[in-house]
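1. Here's a sequence, model it:
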Amino acid sequence: MPADPPAGVVRRGSQPRLVTRAVMLSLGAGVLSLSRFGYGLLLPGMRTDLGWSYIQAGVMNTALGIGYLAGTVAAVAVLPRAGERRAYLVAFTVVTLTLLASGVTSEYPMLLALRAIGGAAGAVLFVAGAAFAAHLARAS
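-> Model prediction:
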(Lines give C-alpha, C1' and ligand atoms only; values in the text may rest on other atoms or scores of the structure.)
Protein backbone atom coordinates (compact mmCIF):
# COMPACT_ATOMS: atom_id res chain seq x y z
CA MET A 1 0.00 0.00 0.00
CA PRO A 2 1.53 3.39 -1.00
CA ALA A 3 2.33 5.92 1.69
CA ASP A 4 0.27 9.08 2.07
CA PRO A 5 1.70 12.06 0.19
CA PRO A 6 3.20 14.93 2.18
CA ALA A 7 0.93 17.79 3.27
CA GLY A 8 -0.12 19.92 0.34
CA VAL A 9 0.60 17.23 -2.26
CA VAL A 10 -2.35 15.84 -4.17
CA ARG A 11 -2.38 12.34 -5.62
CA ARG A 12 -2.49 12.09 -9.38
CA GLY A 13 -6.00 11.92 -10.71
CA SER A 14 -7.51 13.89 -7.86
CA GLN A 15 -8.83 16.69 -10.07
CA PRO A 16 -11.41 18.18 -7.65
CA ARG A 17 -8.69 18.64 -5.03
CA LEU A 18 -6.34 20.20 -7.56
CA VAL A 19 -9.03 22.63 -8.71
CA THR A 20 -9.93 23.58 -5.12
CA ARG A 21 -6.31 24.21 -4.24
CA ALA A 22 -5.69 26.15 -7.44
CA VAL A 23 -8.69 28.36 -6.63
CA MET A 24 -7.33 28.93 -3.11
CA LEU A 25 -3.96 29.95 -4.54
CA SER A 26 -5.70 32.35 -6.92
CA LEU A 27 -7.71 33.90 -4.09
CA GLY A 28 -4.52 34.33 -2.08
CA ALA A 29 -2.87 36.11 -4.98
CA GLY A 30 -5.87 38.41 -5.27
CA VAL A 31 -5.91 39.29 -1.57
CA LEU A 32 -2.15 39.79 -1.60
CA SER A 33 -2.43 42.10 -4.62
CA LEU A 34 -5.08 44.20 -2.91
CA SER A 35 -3.01 44.40 0.25
CA ARG A 36 0.27 45.29 -1.43
CA PHE A 37 -0.63 47.19 -4.58
CA GLY A 38 -4.29 48.22 -4.41
CA TYR A 39 -3.73 49.97 -1.12
CA GLY A 40 -1.13 52.22 -2.74
CA LEU A 41 -3.79 53.47 -5.15
CA LEU A 42 -6.04 54.40 -2.23
CA LEU A 43 -3.30 56.13 -0.24
CA PRO A 44 -3.54 59.57 -1.92
CA GLY A 45 -7.28 59.70 -1.26
CA MET A 46 -6.78 58.52 2.30
CA ARG A 47 -4.14 61.20 2.83
CA THR A 48 -6.57 63.88 1.70
CA ASP A 49 -9.64 62.54 3.53
CA LEU A 50 -7.85 61.81 6.79
CA GLY A 51 -5.74 64.97 6.77
CA TRP A 52 -2.40 63.19 6.75
CA SER A 53 0.87 64.82 5.82
CA TYR A 54 2.98 63.31 3.07
CA ILE A 55 5.26 61.94 5.78
CA GLN A 56 2.37 60.16 7.51
CA ALA A 57 1.25 58.64 4.22
CA GLY A 58 4.82 57.53 3.47
CA VAL A 59 5.19 55.99 6.93
CA MET A 60 1.95 54.07 6.29
CA ASN A 61 3.52 52.45 3.23
CA THR A 62 6.78 51.90 5.10
CA ALA A 63 4.87 49.97 7.78
CA LEU A 64 3.83 47.49 5.11
CA GLY A 65 7.43 47.11 3.94
CA ILE A 66 8.73 46.55 7.47
CA GLY A 67 5.96 44.04 8.13
CA TYR A 68 6.72 42.30 4.84
CA LEU A 69 10.40 42.02 5.72
CA ALA A 70 9.59 40.67 9.19
CA GLY A 71 7.10 38.19 7.73
CA THR A 72 9.63 36.92 5.20
CA VAL A 73 12.13 36.24 7.97
CA ALA A 74 9.42 34.67 10.15
CA ALA A 75 8.27 32.40 7.31
CA VAL A 76 11.54 30.48 7.59
CA ALA A 77 10.53 29.43 11.12
CA VAL A 78 6.76 29.22 10.60
CA LEU A 79 6.54 26.98 7.53
CA PRO A 80 8.48 23.97 8.86
CA ARG A 81 6.46 24.03 12.09
CA ALA A 82 2.98 24.73 10.74
CA GLY A 83 3.30 23.33 7.22
CA GLU A 84 2.67 25.35 4.11
CA ARG A 85 -1.05 24.59 3.92
CA ARG A 86 -1.83 25.73 7.47
CA ALA A 87 0.54 28.71 7.23
CA TYR A 88 -1.13 29.69 3.95
CA LEU A 89 -4.65 29.50 5.36
CA VAL A 90 -3.80 31.42 8.54
CA ALA A 91 -1.88 34.10 6.62
CA PHE A 92 -4.72 34.38 4.08
CA THR A 93 -7.19 34.92 6.93
CA VAL A 94 -4.99 37.51 8.66
CA VAL A 95 -4.39 39.50 5.46
CA THR A 96 -8.12 39.47 4.69
CA LEU A 97 -9.04 40.57 8.21
CA THR A 98 -6.46 43.38 8.25
CA LEU A 99 -7.82 44.67 4.93
CA LEU A 100 -11.38 44.61 6.26
CA ALA A 101 -10.37 46.23 9.54
CA SER A 102 -8.60 49.02 7.63
CA GLY A 103 -11.97 50.03 6.25
CA VAL A 104 -13.62 50.51 9.63
CA THR A 105 -11.12 52.74 11.42
CA SER A 106 -9.54 56.08 10.71
CA GLU A 107 -7.17 56.03 13.69
CA TYR A 108 -3.63 56.47 12.43
CA PRO A 109 -1.90 54.19 14.99
CA MET A 110 -4.43 51.42 14.35
CA LEU A 111 -4.04 51.71 10.58
CA LEU A 112 -0.26 51.66 11.00
CA ALA A 113 -0.45 48.46 13.05
CA LEU A 114 -2.86 46.87 10.57
CA ARG A 115 -0.48 47.65 7.68
CA ALA A 116 2.47 46.12 9.52
CA ILE A 117 0.52 43.01 10.52
CA GLY A 118 -0.93 42.70 7.03
CA GLY A 119 2.55 43.01 5.55
CA ALA A 120 3.94 40.28 7.79
CA ALA A 121 1.03 37.97 7.05
CA GLY A 122 1.28 38.81 3.34
CA ALA A 123 4.90 37.69 3.25
CA VAL A 124 4.03 34.38 4.91
CA LEU A 125 1.14 34.03 2.44
CA PHE A 126 3.49 34.63 -0.48
CA VAL A 127 6.18 32.19 0.70
CA ALA A 128 3.70 29.50 1.75
CA GLY A 129 1.78 29.94 -1.51
CA ALA A 130 4.96 29.48 -3.54
CA ALA A 131 5.83 26.29 -1.65
CA PHE A 132 2.24 25.07 -1.91
CA ALA A 133 2.15 25.76 -5.66
CA ALA A 134 5.42 23.89 -6.15
CA HIS A 135 3.93 20.83 -4.44
CA LEU A 136 0.79 21.08 -6.56
CA ALA A 137 2.81 21.36 -9.76
CA ARG A 138 4.81 18.31 -8.81
CA ALA A 139 1.61 16.37 -8.08
CA SER A 140 -0.13 17.19 -11.37
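2. ok, now which ones touch Gly119?
-> Residues in contact with Gly119 (C-beta atoms under 8 Å, 6 or more residues apart in numbering) are Ser35, Ala63, Leu64, Gly65, Ile66, Gly67, Tyr68, Leu69, Ala70, Gly71. Heads up, the C-betas are built off the backbone N, CA and C, glycines and all.
3. Among the residues you listed, find me the one that's closest to Ser106.
-> Ala63 (15.7 Å; C-beta to C-beta).
4. Neighbours of that closest one, how many?
-> 19 (other C-beta atoms under 10 Å).
5. pretty sure it contacts Arg115?
-> Yes: at 4.1 Å, Ala63 and Arg115 qualify as touching, with contact defined as C-beta atoms under 8 Å.
6. Quick one: buried ones out of the contacts of Gly119?
-> The neighbour count (16 or more other C-beta atoms under 10 Å) marks Ser35, Ala63, Leu64, Gly67, Tyr68, Ala70, Gly71 as buried among these.
7. And the pLDDT at the last one?
-> Put plainly, it is Gly71. pLDDT for Gly71: 96.
8. Where does pLDDT dip in this protein?
-> Along the chain, segments meeting pLDDT under 70 span 1-15, 139-140.
9. That's all I had, so thanks and see you.
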